[in-house]
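Engineer: model this:
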Amino acid sequence: MKIVTIALLTALALIALTPTAFGAAATSGEREQTRAFIAFITFGPALFMLMALPLAIICRSSTKITGGVSTALEERSGAALLLGAANLVLMAILGWAGEQVAIIGIIGFVFLLALAVAIFIGLTAVADLLGRRIFAGGPRSQSVGAFTVGWLALAGVSLLPIAGFLAYLWFAAKGVGAVVLSLGAGKEAAPADPD
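Structural biologist: Here you go, the predicted structure:
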């Protein structure tokens, strides 16, 4: 099911971004902008992943940060994906509304910062889970090396033109949803104050 969804989204993106989508009146400038956009969404996530690897290793070593996120990602993967996608859509709506009303733009900027942190923590949990699955059952499945392999696999997947960016969005949505689920689980598990 997941592969079919990614394949359909990739096909739709390829149809939408082909030069024929511009029609016969497309100028060379429009075609060049399309190529630049495709290059950006192809190489941007991979460069981010490579530059952020040292920080991700530090973040992964703290179980206070990623422990609950990894658990939420393993136990409630579908809910994490839906919740993360809803957060990304909400961010797009806030971005559009922020252009219309200044105060919404300020709220959207604060939400964008929180979303960026959630994406990073979520991608760290996704890479950790991916690394553990690659080295499943072996003695290295819990090591930093397995996490690094998972992180580099995410960076490598994002290098696929268009499909890689869609896969990166899919992993980011799952990660953000897992962060939100772990925050909710933390509030449910917190003991009630006896006063």
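Engineer: CA only for contacts and neighbour counts going forward, please
Structural biologist: OK.
Engineer: Quickly find the element holding the spatially most central residue of the chain.
Structural biologist: When Cα atoms, centre = their mean is applied to the chain, the residue found nearest the centroid is A172 (1.2 Å). If you go by DSSP states H and E, A172 is part of helix 163-189.
Engineer: Give me the distance from stretch 41-49 to the chain's centre.
Structural biologist: 12 Å (Cα atoms, centre = their mean, to the nearest Å).
Engineer: What residues of it count as buried?
Structural biologist: For stretch 41-49, a neighbour-count test (16 or more other Cα atoms under 10 Å) marks I41, T42, F43, P45, A46, M49 as buried.
Engineer: Repeat that for stretch 56-67.
Structural biologist: Using 16+ other Cα under 10 Å as the test for burial, stretch 56-67 gives A56, I57, C59, R60, I65, T66.
Engineer: how about the residues you listed in a markdown table, adding pLDDT and secondary structure?
Structural biologist: Formatted as a markdown table, those follow (pLDDT from 0 to 100; DSSP: H, G, I helix; E, B strand; the rest coil):
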| residue | pLDDT | secondary structure |
| --- | --- | --- |
| A56 | 87 | helix |
| I57 | 86 | helix |
| C59 | 82 | helix |
| R60 | 82 | helix |
| I65 | 73 | helix |
| T66 | 76 | helix |
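Engineer: Where is the longest helix in this structure?
Structural biologist: What stands out as the longest helix in the chain, according to DSSP state H, is helix 102-134.
Engineer: Mind exporting the C-alpha coordinates of the helix or strand just after it to PDB?
Structural biologist: Using DSSP H and E, the helix or strand that directly follows helix 102-134 along the chain is helix 144-157. What follows is helix 144-157 as a C-alpha-only set of coordinates in PDB (Å, rounded to 0.1, in the frame of the first residue of the first chain):
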ATOM      1  CA  VAL A 144      25.500   4.500  16.200                       C
ATOM      2  CA  GLY A 145      26.700   2.900  13.000                       C
ATOM      3  CA  ALA A 146      23.200   1.400  12.300                       C
ATOM      4  CA  PHE A 147      21.700   4.900  12.900                       C
ATOM      5  CA  THR A 148      24.200   6.500  10.600                       C
ATOM      6  CA  VAL A 149      23.400   3.900   7.900                       C
ATOM      7  CA  GLY A 150      19.700   4.700   8.300                       C
ATOM      8  CA  TRP A 151      20.400   8.500   8.200                       C
ATOM      9  CA  LEU A 152      22.500   8.100   5.000                       C
ATOM     10  CA  ALA A 153      19.800   5.900   3.500                       C
ATOM     11  CA  LEU A 154      17.300   8.700   4.000                       C
ATOM     12  CA  ALA A 155      19.800  11.100   2.400                       C
ATOM     13  CA  GLY A 156      20.300   8.700  -0.500                       C
ATOM     14  CA  VAL A 157      16.600   8.200  -1.100                       C
END
